[in-house]
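Novice: Sequence first, then the predicted structure, then my questions.
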Amino acid sequence: MKIYEKAPAKINLLLDVLRKRDDGYHEVEMVMTMIDLADRLEMQELPRDTIIISSQAGYIPLDEKNLAFQAAKLIKERYDVRSGVYIHLDKRIPVAAGLAGGSSDAAAALRGLNRLWRLNIPTGELQRLGAELGSDVPFCVTGGTAVARGRGEKLEPIEGPPQCWVILAKPPIHVSTQEIYGRLNAASIERHPSTADMLHAIREKRFGDMCQAMGNVLEDVTIRHYPEVRQIKECMLRLGADGAMMSGSGPTVFGLVQKQSKVARIYNGLRGFCKDVYAVRLLP
């Protein structure tokens, strides 16, 4: 039997850091949603006790450094599963991009292996397992749209934002989330985005207000060291995006566009100096 799971990318409509915690993590408040850019996982049971991962992408680890591998190992150990699994990862989300590609792969592995091995693990427990793998994994287990608090694992599901196009552009650089958070001085953040304004805009389906409420306190930190991020954001706005912002710790920048007539112009304009450009929809 084969099990298939989609692993969609996420974007942060809002990312705020409230303080650095005693355990070294940062206390965050984020509004996250899923987009129609996804990796795909194919999972097949193996008779022997092993985990094998393959992928068409030559640039990702296929061993214990891979989050889908870690998810399989965790679920096998926790539920005493003696059989093995072969996972093929069809990679579409760019890596180290601020789009939670690895976290979504891990979440898809947890969901798929729960079905493959008929473990009947409830969603809440899958999310708790996910939190052991990474801060974005619990959100990726269920997807949708949510406010994330704590270090990202405390989730409050909310209704989805008004539908629109999302144009993503990733410059040819890799940004380490750990590095960006390490350079952030939470106490010196001058302007915090308003989660209340964002939630009100989403609830009332006010697209313009949602674009105005977007904010990411990591953006200035990343831009200081990777000025390409600012150039892409300015280019998106100049070409007609209704709102533009860096996702997560970067370096991917996304633009929100309501009118389809603008999409091709922005996409083609960005392709002029950026190879990884995507035009997708928000997931409902």
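Specialist: The structure has been received and is ready for your questions.
Novice: Which SSE is immediately downstream of the strand ranked longest in the chain?
Specialist: Secondary structure assigned by DSSP state E gives strand 26-46 as the longest strand of the chain. Next along the chain after strand 26-46, taking DSSP states H and E as the criterion, comes strand 51-55.
Novice: if you average pLDDT over that following strand, what comes out?
Specialist: Here strand 51-55 scores 97 as its mean pLDDT.
Novice: what comes up buried for that strand?
Specialist: 51, 53, 55 (16 or more other C-beta atoms under 10 Å). Every C-beta, even on glycine, is put in place using the N, C-alpha and C of the backbone.
Novice: re earlier: and the longest strand of the chain, what does it pack onto?
Specialist: strand 2-20, strand 84-90, helix 101-116, strand 145-150, strand 165-170, helix 195-203, strand 276-281 (3 or more C-beta pairs under 8 Å, 6 or more residues apart in numbering; DSSP states H and E).
Novice: rewinding a little: compile the buried residues of strand 51-55 into TSV and extend it with columns for distance to residue 236.
Specialist: Compiled in TSV, the buried residues of strand 51-55 are given as follows (distance: C-beta to C-beta, whole Å):
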residue	distance to residue 236
51	40
53	35
55	30
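Novice: quick one: which of those residues is nearest residue 110?
Specialist: residue 51 (13.5 Å; C-beta to C-beta).
Novice: The closest one: what's it in contact with?
Specialist: 69, 72, 73, 76, 84, 85, 87 (C-beta atoms under 8 Å, 6 or more residues apart in numbering).
Novice: if you set the cut-off to 7 Å instead, what comes out?
Specialist: 69, 72, 73, 84, 85 (C-beta atoms under 7 Å, 6 or more residues apart in numbering).
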